[in-house]
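Enquirer: Predicted model follows, preceded by the sequence.
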4 protein chains.
Amino acid sequence: MTNLASDVLDRLEAQAIELPSWAFGNSGTRFKVFGTPGTPRDPYEKIADAAQVHRYTALAPKVALHIPWDRVDSFADLRRHAEEHGVELGTVNSNTFQDDDYKFGALTHEDERIRRKAIDHHLECIDVMHETGSRDLKIWLAEGSNYPGQADMRGRQDRLHESLSEIYGRLGESQRLVLEYKFFEPAFYHTDVPDWGTSYAQVAALGDRAMVCLDTGHHAPGTNIEFIVMQLLRLGKLGSFDFNSRFYADDDLIVGAADPFQLFRILFEVIRGGGLNHPDVSFMLDQCHNVEDKIPGQIRSVLNVQEMTARALLVDAEALRSAQAAGDVLEANRVFMDAFYTDVRPGLVEWRRSRGLPADPERAFADSGYLAAIAEERVGGVQAGWGA
Amino acid sequence: MTNLASDVLDRLEAQAIELPSWAFGNSGTRFKVFGTPGTPRDPYEKIADAAQVHRYTALAPKVALHIPWDRVDSFADLRRHAEEHGVELGTVNSNTFQDDDYKFGALTHEDERIRRKAIDHHLECIDVMHETGSRDLKIWLAEGSNYPGQADMRGRQDRLHESLSEIYGRLGESQRLVLEYKFFEPAFYHTDVPDWGTSYAQVAALGDRAMVCLDTGHHAPGTNIEFIVMQLLRLGKLGSFDFNSRFYADDDLIVGAADPFQLFRILFEVIRGGGLNHPDVSFMLDQCHNVEDKIPGQIRSVLNVQEMTARALLVDAEALRSAQAAGDVLEANRVFMDAFYTDVRPGLVEWRRSRGLPADPERAFADSGYLAAIAEERVGGVQAGWGA
Amino acid sequence: MTNLASDVLDRLEAQAIELPSWAFGNSGTRFKVFGTPGTPRDPYEKIADAAQVHRYTALAPKVALHIPWDRVDSFADLRRHAEEHGVELGTVNSNTFQDDDYKFGALTHEDERIRRKAIDHHLECIDVMHETGSRDLKIWLAEGSNYPGQADMRGRQDRLHESLSEIYGRLGESQRLVLEYKFFEPAFYHTDVPDWGTSYAQVAALGDRAMVCLDTGHHAPGTNIEFIVMQLLRLGKLGSFDFNSRFYADDDLIVGAADPFQLFRILFEVIRGGGLNHPDVSFMLDQCHNVEDKIPGQIRSVLNVQEMTARALLVDAEALRSAQAAGDVLEANRVFMDAFYTDVRPGLVEWRRSRGLPADPERAFADSGYLAAIAEERVGGVQAGWGA
Amino acid sequence: MTNLASDVLDRLEAQAIELPSWAFGNSGTRFKVFGTPGTPRDPYEKIADAAQVHRYTALAPKVALHIPWDRVDSFADLRRHAEEHGVELGTVNSNTFQDDDYKFGALTHEDERIRRKAIDHHLECIDVMHETGSRDLKIWLAEGSNYPGQADMRGRQDRLHESLSEIYGRLGESQRLVLEYKFFEPAFYHTDVPDWGTSYAQVAALGDRAMVCLDTGHHAPGTNIEFIVMQLLRLGKLGSFDFNSRFYADDDLIVGAADPFQLFRILFEVIRGGGLNHPDVSFMLDQCHNVEDKIPGQIRSVLNVQEMTARALLVDAEALRSAQAAGDVLEANRVFMDAFYTDVRPGLVEWRRSRGLPADPERAFADSGYLAAIAEERVGGVQAGWGA
């Protein structure tokens, strides 16, 4: 049995992972979106579902919103609703990819009128943040082009800077702008923020409260993601993670499902760089549960992050540094792998028991009957989804 | 000005490219499907649009159907409609990815009942083929799994063989089964027919009238597609192409748009292996016009194929063989590139003029006012799309 | 502590992994080959080093040879030498990539004289096999081209078939030909056996004793390797593995070092398909220890394979099948991951103790002073390497 | 026949491409380096060969050096030798990857003594630059690690900054430091400068005379390289190109050979961003002629760059901007492709004739008998190569 040392337990204690409200709605591919009984019909139901994840794991105290998907009459009311369910509202995500006006861009559009509309949407998001008490405005841009020649990439980059500058200028003093990058999709030739370098260059030009968001599924094949984590922490610009996993493209699978060792390496660099439990670095999920149940999928996700964090915390830092300094390749790798190969699950069961949580959150949730209950209750209405 | 030699013109004369009916409907990504005024509401309108492509290019005499998207009350009537518009109905494509029953597979499903349903769907497609006079049943399977452990890959492969055997057994004597492979999407961990090797092994086990369909967008990054073309022609198993182009994944862009030199190399191997104008090898498009106009997009596509075919026909085969045999790397490459670098467009203008076609089909179509007319006429109803 | 069940221990008992003699010589990149004191100067010293791996692990009873690198005056004598060190000679690997004659091909060359030379080299390898008692002739072909147009891919494929046919015809009745495929390198435009489909098509045309060799580092980015394992086992054509690991290309790192979960999945499919401890499927390493010590690197490698085999054997097959049949994605994945996440190292320590092996083979070898001894003894001469 | 307009001719007039001295020596893969008769034995012979390229093309007035490969007793003498051959000495490239001391790093090494040695090597390079009159010190670092845990990536990044700072501080006022990035190889797990973002962050921290070098073969699969060109020009940090082409990894093939359309797009962005004939942006080749003749390979390379530059200059900028602004995807792409599809070779023949150059430089060089002459003259000695 692995007994996790008290300093490991302390660090796990503070871990918090933000859930995306949209993970509780339906999602799929361009070929098909499968619905499931009980899928939320509105933001209130999404938050109720998200609260289940926190209830069984104590890992997920916040829920991120997506505007306009989560637009409600009163965000103050939604905030109360969240608090009643034991969670808080978190990051606000803007959306400039579902309006016909944005077919050829939003913050980068050639047409001033459409840029204005897109900027205004972000200003509205900032208003929402004041109501929800959110700190971060996360911007993922679906902008780009499909054909060589279609777009003037340079002009778009300049316009992006201008648009972001205006948005950044409107942030409250304790608020931040977090700019996500993505290798490709939905644009297939060029994407306006395709890599961390571009995101970094853009946010560095804005100011201290502009940061980079690293989505673990948004890189070219073979990219060493933990290197980027290291670099962004070194540059003081890692604002948040969007965790998920992938085999091919932006598959948005459950974090840790495709390559748990990669997740371990990422978390090791987070720890190495001082990013664990640091206020500047938000841990967030961004996943699609296309074929599996959503709430259990989210429960597994946060447990995976916790489990790999625990393994990464087990790395014997002194032994590692010593082997690295000595150029002892095999010993350094052995120390590293020893932590990864250690089964921390018994220790995490203890951690949960000590907090009054169920030893097996997935089973406890299954036994709760919640899924059957919402399937029965949530009849009629339109299930939430991306509405593509 | 390039004058194309008469033997080149003869070979171009016989070139025919089949159009996908679904390219005339709306398509997009999981994030958004943009509609356009005038988009067809039914198979009749799709065929009318497809006929426009043939009218201005004389390159596209056939239209492939997708069942159930193109289901009509009377396929005999649809066939007459096509003929009245100067085109024929071509390949019939089955669809087993949009029914809730197929969430975990169709021809490979664990459940005999669902396999039965999927097989029956294919038998229905064969019935349609008898009515439409189609030769080929094209099967693309969206089947696979998203998570390691989710599926028993081996059992699925065996069931796939059984299902295909039953379908194959129902084909008429002049009909064929063409099995497409795809690297990934919509499944993100494993796909049941992910590569040409699997498609080849499956169709080889069926018989002579089972062939492989090569979609140019369905390979791993860096794959030498022309090598596969060569190999399948060598093995006598290249049944058809689905042409399109890609920068990243299955982007389904206009063929030749991403890498015209790759298209040239593919067509060179088609010619080298005796596949040009060979009855066994169907040229088909499979594209999505997410952000560009559909009919003009299809016109450009068939022109791109023709243009790269013409360039590939210009390769001085004797000079090439001689340099290859001599191990003269630079000379062999020079001969090859010389053809690619030659501008054949003036020759193709001549070719069109000699057939009474407009010199510039794209402009002629634009000038025809067709797009404005359908935008005005096709009001109401539901625009055709994938219905994801 | 994990106690491995007796059936798991039984299956581990029979596991044997063949070592490549060349892993004990120097290797590197095109930029630099770093030598280390004590590196073998001849095949006898390589085998002595390989025997150390078996001595401490009981996992590596065979050593594969590479001709001409391992050419000796008397293979019978080398065989005795091996037996005295407690190991056997295994697979014989041909080499047609280091002679100036082979610049533009060997078994596929345009020039009959060079094909003859390459075929004769393989016949010589078969002669060696008779002396060494080897069963398998492994053929990896470095052949291909760097520039489009340089080579006639189709003619080369046909010549490859002819050359292989002659070699196959010379095999003894209990001998096999195993054809390796590789995505790219050293050729950068086309490779004559680039994928499993080509290797399969070629060996299927030869006969029952021609099989495919799957090198885990020889695939396109993102390839699902365990799917290929499944397919080749299903087709009865998986002859052997070349184990190693990679992040980018054919990195030839220690097996399991880059993605232990992938190794686990591969071994699971080996077990699922009946390939574990099956006489038809050879487990071999093919690695380069560019920056780490070679003997310890090989020790870690065989231990990694054993460890992931043990984890894969822990998968609760019944529970998995039940969840798969029920379409319970999360439960099937949970059962699968549960085995992967289980720390089997305590059980393997027990396994070693019960066989009189050191609990920690890496430490035991380090403590033995062998590396220091060979560094002192092996002075003068030319260290073995690839001689690029 | 394409007549190139006078403004196009003017811009081509000023084009200069720097040749790498090492391209005239032998190179290959880790598997084999093939030599050819006449290969230079020293820097003087390399420069003589390089001068041939310029003689027949008027495109290559400079030769880049690689230290220590090109170390000579007197660089002043080498400079005179170059001038006598009609060329100048250009960029100085440092080399910290072939000394045993650098096995685990150079500018990033844990050991202060080895960092000192590596820094001193660069200071020596600056001394050389003063003698050769070179402006640019190009730094490509082979540093990284092969195994997770082997190296402390963060510490290495910090040490890299320190080392570069000292080197940068020693530059003369008209000299520059250009930092190259590379995705992978020779390190296979992490590379210390793997992407443009890292190179940019490092050089931005140094000062105005520190720039990024973009090698077209050093990116992840699928990377949109022209986007990076655009971004670096926008940020004022594109110092130089290393041109070559690739299908898979860092194949170092002849520029334009793998994807001429990509080269066209890159050059279009160079023009768009004001980088053509701009003093800040050096055009350089970095290629390996593993299987083809070296001097003719370099001749083809500079002609390819010129040809694609000419095509890119043909883009009708006004028509393109107009279509882009209008969101006319197909028209914008048409304008773009129209330039790419235009055969500029007749115009370039005219350009050469007007300068007293041979119409066909490759043929003229072949007819000159130079290759036969050096094969006869350069007997004995050691052919230049990488000495891996």
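Expert: Yes, it's here.
Enquirer: how about the residues of the stretch 51-200 of chain A near chain D?
Expert: A:103-104, A:110, A:145-154, A:157-158, A:183-184, A:189-191, A:194-198, A:200 (CB under 8 Å from any CB of the partner chain). In this view, the C-beta of every residue, glycine as well, is placed from N, C-alpha and C.
Enquirer: Make a ChimeraX selection of the buried ones in those.
Expert: Buried residues within these, by 16 or more other CB atoms under 10 Å in any protein chain shown, are selected in ChimeraX with:
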select /A:103,104,110,145,146,147,148,149,150,151,152,153,154,157,183,184,189,190,191,194,195,196,197,198,200
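Enquirer: which residues are contacting stretch A:124-133?
Expert: Here stretch A:124-133 makes contact (CB atoms under 8 Å, 6 or more residues apart in numbering or on different chains) with A:65, A:67, A:75-76, A:78-79, A:88-89, A:92-94, A:134-137, A:167, A:170-172, A:175.
Enquirer: 6 Å instead, please
Expert: A:67, A:75-76, A:79, A:89, A:92, A:94, A:137, A:170 (CB atoms under 6 Å, 6 or more residues apart in numbering or on different chains).
Enquirer: same thing with stretch A:78-89?
Expert: So stretch A:78-89 is contacted by A:43-44, A:47-48, A:51, A:54, A:61-63, A:72, A:132, A:134 (CB under 6 Å, 6+ apart).
Enquirer: Can you give me the first-to-last residue distance of that stretch?
Expert: Stretch A:78-89 stretches 8 Å from its first residue to its last (CA to CA, to the nearest Å).
Enquirer: Just the ones in strands from the contacts of stretch A:78-89, please.
Expert: Taking DSSP state E as the definition of strands, the contacts of stretch A:78-89 contribute A:62-63.
Enquirer: Keep only the residues of the stretch 51-200 of chain A next to chain D that also lie close to chain B.
Expert: A:103, A:146-147, A:184, A:189 (CB under 6 Å from any CB of the partner chain).
Enquirer: farthest pair in those?
Expert: Spanning the widest gap among those are A:K103 and A:F184, at 17.3 Å by CB to CB.
Enquirer: do you know how far the residue nearest to A:G144 when sequence neighbours are not counted is from chain C?
Expert: Closest residue to A:G144 apart from its sequence neighbours, by CB to CB, 6 or more residues apart in numbering or on different chains: A:A187 at 2.6 Å. Computed as CB to the nearest CB, to the nearest Å, the A:A187 to chain C distance reads 20 Å.
Enquirer: Same check on A:F24?
Expert: 15 Å.
Enquirer: For the stretch 51-200 of chain A, which segments count as helices?
Expert: Ranges of helices within the stretch 51-200 of chain A are A:75-84, A:112-132, A:153-170, A:196-204, based on DSSP state H, counting those that start in this stretch.
Enquirer: helices or strands up against the third one?
Expert: It stands for helix A:153-170. In this structure, helix A:153-170 makes packing contacts with helix A:112-132, helix D:225-234, judged by 3 or more CB pairs under 6 Å, 6 or more residues apart in numbering or on different chains; DSSP states H and E.
Enquirer: Include mean pLDDT and mean neighbour count when you put these into JSON lines, please.
Expert: Shown next, in JSON lines, are the helices and strands packed on helix A:153-170 (pLDDT from 0 to 100; neighbours: other CB atoms under 10 Å in any protein chain shown):
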{"stretch": "helix A:112-132", "mean pLDDT": "98", "mean neighbour count": "17"}
{"stretch": "helix D:225-234", "mean pLDDT": "98", "mean neighbour count": "24"}
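Enquirer: C:N277 is nearest to which of the ones you listed?
Expert: helix D:225-234 (48.5 Å).
Enquirer: contacts for that closest one?
Expert: Identification of contacts with helix D:225-234 by CB under 6 Å, 6+ apart yields A:153-154, A:157, A:190, D:196, D:212, D:238, D:265-266, D:269, D:273, D:275.
Enquirer: Output that helix in CSV with nothing but the alpha carbons.
Expert: These are the backbone C-alpha positions of helix D:225-234, laid out as CSV (Å, rounded to 0.1, in the frame of the first residue of the first chain):
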residue,chain,number,x,y,z
ILE,D,225,5.5,27.6,-41.9
GLU,D,226,4.5,30.7,-43.8
PHE,D,227,2.5,31.7,-40.8
ILE,D,228,5.7,31.7,-38.7
VAL,D,229,7.4,33.6,-41.4
MET,D,230,4.7,36.2,-41.3
GLN,D,231,4.8,36.4,-37.5
LEU,D,232,8.6,36.7,-37.2
LEU,D,233,8.6,39.4,-39.8
ARG,D,234,5.8,41.2,-38.0
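Enquirer: Listing partners with orientation, what would you give for the helix or strand that it is followed by?
Expert: Next along the chain after helix D:225-234, taking DSSP states H and E as the criterion, comes strand D:238-243. Sheet pairing for strand D:238-243, assigned by DSSP bridges, gives strand D:210-215 (parallel), strand D:282-285 (parallel).
Enquirer: and the first one, how far out from the chain's middle?
Expert: In this case it means strand D:210-215. On the basis of CA atoms, centre = their mean, to the nearest Å, strand D:210-215 is displaced by 10 Å from the centre of the chain it belongs to.
Enquirer: now it against helix D:153-170, angle please.
Expert: 120 degrees (axes from the mean of the first three to the mean of the last three CA atoms, to 10 degrees).
Enquirer: Low-confidence stretches in the stretch 1-150 of chain A?
Expert: Within the stretch 1-150 of chain A, the ranges that satisfy pLDDT under 70 run A:1-2.
Enquirer: Residue of it nearest chain B, please.
Expert: A:T29 (3.9 Å; CB to the nearest CB).
Enquirer: That residue: neighbour count?
Expert: 21 (other CB atoms under 10 Å in any protein chain shown).
Enquirer: Now do the contacts for the residue lying closest to it once chain neighbours are set aside.
Expert: Excluding its sequence neighbours, the residue lying closest to A:T29 (CB to CB, 6+ apart) is B:P186, at 3.9 Å. When contacts are counted by CB under 6 Å, 6+ apart, B:P186 touches A:29, A:31, B:142.
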